[in-house]
Each structure stands twice: as C-alpha cells, then as structure tokens.
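**Q** Please find the sequence and the predicted model below.
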Amino acid sequence: MNQHTVVLIPGDGIGPEVADAVRFVFDKAHAPVVWEEHLAGLSALDKGLDLLPEETLEAIHRHKIALKGPCTTPVGKGFSSINVALRKKLNLYAAVRPVRSLPGVKTRYDDVDLVIVRENTEGLYSGVENEVLPGVVMSMKVASETACLRIAHYAFRYATQRRRKKVTLFHKANIMKLTDGMMLRCAEKIHTEEYPNIEYEPLIIDAGCMKLVQDPSRFDVLLMENLYGDVVSDLAAGLVGGLGVVPGANIGDEGAVFEAVHGSAPDIAGKGIANPLALVMSAVMMLNHLGQTRHDDACKKSAVRIRDAYNKTLADGCGTRDLGGQLNTQSFAQAVADRLS
Ligand code: NAI
C-alpha cells in the first residue's frame, strides 16, 4: 500500500490534544499516512524557532499536503496571524468548509448540508492597517480581479463536481461598491459564461445571514470574501452542533492544508476535554483529497471507514461535552477506533 507523507502541525492550545486523537484514530484504521511533524505558532516560539519557521513552509512545499491544528493569535496587539500568513505564503486561496447535520447531534435543524467557499488571501486580511492621525486608524480591504475570478471559478467548479445545485454569493456591494462590487461582477461573469446550469443567487450578506439561520436548507454552496467567510463559518457551525464538528480545507494549486474551523480554545486547553472530531473530519477530507489527486483508492476507503466510525459513534450517543456527552478527547478517539469496521 502506498504511504503518503503528510506534514502535521499540532499548533497551540487544544491543537496538540486533538492532533494526538487524529493520530490515534489513523493508527487504528491503518490509514496510509506517515506523519512528519513540524511546528508553527507559539509552540514554535517556545522552542526558539520563528513563529512560522522556514522549515515548516519548506516541508509543506515538498509534500504538498498538511494537517494543521489551530494557532493562537493575540487579540488587539502582538504578532499577526500565523494562520493567515501560512495561507498567503502557500497561496491557499480557497477555504472549503462543509457544514452538515450529524447523526445523534441534536440541533434546531436536522437537514443542514452546505459548503462555505471562502476567499482566503485578500479582503480585510491584507494586514494593511495604519494610524492616520492620533486617534484615527484605518484598515485596507483589498480585492483583485484575479483572486475574485479564481475563487468564483473554484466555487462553481466545486458545485459542478459535487453535483450541487446552487451557489449563493454573500456580499455587501451596496456599501463596498468597488471591492465587493468586484466580487459580485466576477461571480456573475463566471456563472453566465461558464456555469449557466448551476443556479446562482447573489444576496446582501446581512439579509443572507437572516435567511441562513431561518432556513439553512435553502443554501447549498456559499461563496464569499475572506472576513465574511470567517464569520459565517462559525455562525454555520452553530447550526450543526458547534465548532467541535466543522472541518475545513485550505486549497491552492500547489498544495493543501487541512484544519478545523475552530481556534486554539484557550479556555479548555490542557484539560483533555476538547472535541477532536472537527480535526478528525478535516483529516478525512485530507484522505479524500489524497485519494482524488493521487488516484489512490486506499485513501478513499480509509476515509469512508473513519467517517462511518465517527458517524456510528455519534449515532450511539457518544460525544464530548460540547455536544452534551460525557467523553473526553481520548475516550472519544477510542470510541471511534472501536467502531472501525
Ligand atoms: P475558538 O474557536 O478557539 O473557541 C471558541 C469557543 O469554542 C470556546 O469556548 C472554545 O472552548 C470552543 N471550542 C472551540 N473548539 C472546540 C473543540 N474542538 N471542542 C470543544 N470546544 C471547542 O475561538 P476564539 O476563542 O475566538 O479564539 C482562540 C484563539 O484561536 C485566538 O488566538 C484565535 O486567533 C485563534 N484561532 C485560530 C484559528 C486557526 O488556527 N485556524 C481559527 C480561529 C481562531
């Protein structure tokens, strides 16, 4: 069986705990993956390295695939986000975040099945902020036609390949006429010229969010710029059980980094109670990506086995505390391993 080397970045806070759980489940499933561990974030700084060490970037360039735990970013001061820097440096322009109702996880809705496609390199995450005058600061929102066309193309192609019916663009082009106007025009162009068979709906984001919480079943693929994608991902996570159950992928033309939507959760870090499922699900997305891009059926089969096992675990009523269950991080991983076929 082909073994694929994957860069594993445990990250900060709950990152190492949930990354250990993924390793445990993958070992028990005999998934065709060999982990090569590298550091980023505060854990790299603690070891005397840079926040985003060159060797970590080089390893991802070499293997073209990574699984990453969350990295802490100080709020309102200090260094810029390592997560944003990594996505930009590797040109991982599309964040893909499937949000689905899960068996046994009781929420207001039982029919959520949507995918958020977030532009991952521009917008207000350009990192250009200035103090114009004492007491007056500004932040620059950047939109390039190249990046808007690229992400719109990605979303429509994704919808077509996954047999999804509709792409909805969340925008605020009524206020940000140039930047969001650019995204709106690019999405319309790609739809009309290349994907007329996929239904397309542009919605102003404020009303879009109202519709999303009222009836998530009316949405399918949701396309949006960077900041909106960040915020709406967490909102959507709330529709299916919270941040412990929403995975993600950052995709570029030269590689892919898989990570959960959640952050380093400092409030519960070190207690061994974090839900590892979001990172396990991200790792399953990674296996499917390997299966698809490297034409390896063993990866696809492994993905199905692990997904079936965590679905059974949840359906049996076994969950971590964030889902109202009793299990801790390791006992949840064990429960998944026990259900591998
Ligand atoms: P967060 O996602 O870390 O936590 C929000 C809430 O959800 C907390 O109450 C936390 O305990 C809970 N939670 C998150 N993941 C969970 C899990 N797997 N199991 C159980 N409960 C979970 O968001 P927050 O507090 O806004 O950010 C904390 C730090 O994480 C910040 O430094 C932020 O910059 C960073 N962050 C990093 C991300 C990344 O590495 N991709 C993404 C989001 C935030």
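**A** Thanks, I have it.
**Q** The residue in the stretch 151-300 of the chain positioned nearest to the ligand: neighbouring residues, count only.
**A** The ligand sits closest to Gly263 of the stretch 151-300 of the chain, with a gap of 2.4 Å, by Cβ to the nearest ligand atom. Where you see a C-beta, it was placed from the backbone N, CA and C, and this is true even at glycine. By other Cβ atoms under 10 Å, 19 other residues sit near Gly263.
**Q** contacting residues for it?
**A** Taking Cβ atoms under 8 Å, 6 or more residues apart in numbering, we find Gly263 in contact with 13, 70, 72, 243.
**Q** Could you do Ala44 as well?
**A** By Cβ under 8 Å, 6+ apart, the neighbours of Ala44 are 50-53, 56.
**Q** Next one, pLDDT for it please.
**A** On the pLDDT scale, Ala44 is placed at 95.
**Q** can you confirm it is in a helix?
**A** Yes - checked against DSSP: H, G, I helix; E, B strand; the rest coil, Ala44 lies within a helix.
**Q** coming back round to it: buried only: go through the contacts of Ala44 for me.
**A** 51-53, 56 (16 or more other Cβ atoms under 10 Å).
**Q** mind checking the SS state of Ala66?
**A** Secondary structure, three-state DSSP: Ala66 is strand.
**Q** what number of residues lie near the closest residue to Gly13 other than its chain neighbours?
**A** Leaving aside its chain neighbours, Gly13 sits nearest to Ser264 (2.7 Å; criterion: Cβ to Cβ, 6 or more residues apart in numbering). By the criterion of other Cβ under 10 Å, Ser264 has 21 neighbours.
**Q** now do the one 5 residues further on
**A** A total of 18 residues lie near Ala269 under the criterion other Cβ under 10 Å.
**Q** Equivalent analysis for Ala265, please.
**A** Neighbourhood size, Ala265 [other Cβ under 10 Å]: 22.
**Q** contacting residues for the nearest residue to it once chain neighbours are set aside?
**A** Computed as Cβ to Cβ, 6+ apart, the closest residue to Ala265 that is not its neighbour in sequence is Ile14, at 4.7 Å. The contact partners of Ile14, by Cβ under 8 Å, 6+ apart, come to 69-70, 264-265, 268-269, 274, 329.
**Q** List phi and psi for Ile14.
**A** When read as degrees, to the nearest 10, the backbone of Ile14 gives phi -70, psi -10.
**Q** Check the gap between it and Thr72 for me.
**A** Per Cβ to Cβ, to the nearest Å, Ile14 is found 10 Å from Thr72.
**Q** CA atoms only: put stretch 58-74 into PDB for me.
**A** Taking Å, rounded to 0.1, in the frame of the first residue of the first chain, the C-alpha atoms of stretch 58-74 are listed here in PDB:
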ATOM      1  CA  GLU A  58       9.600  24.100   3.100                       C
ATOM      2  CA  ALA A  59       8.100  20.700   4.300                       C
ATOM      3  CA  ILE A  60       4.600  21.700   3.100                       C
ATOM      4  CA  HIS A  61       6.100  22.800  -0.300                       C
ATOM      5  CA  ARG A  62       7.900  19.400  -0.500                       C
ATOM      6  CA  HIS A  63       5.000  17.100   0.500                       C
ATOM      7  CA  LYS A  64       2.200  19.400  -0.800                       C
ATOM      8  CA  ILE A  65      -0.100  18.400   2.000                       C
ATOM      9  CA  ALA A  66      -0.500  19.200   5.700                       C
ATOM     10  CA  LEU A  67      -2.900  18.700   8.600                       C
ATOM     11  CA  LYS A  68      -2.800  21.700  11.000                       C
ATOM     12  CA  GLY A  69      -4.000  22.300  14.500                       C
ATOM     13  CA  PRO A  70      -5.100  25.900  15.400                       C
ATOM     14  CA  CYS A  71      -2.500  28.600  16.100                       C
ATOM     15  CA  THR A  72      -3.200  31.300  18.700                       C
ATOM     16  CA  THR A  73      -3.200  35.000  17.600                       C
ATOM     17  CA  PRO A  74      -3.000  37.600  20.300                       C
END
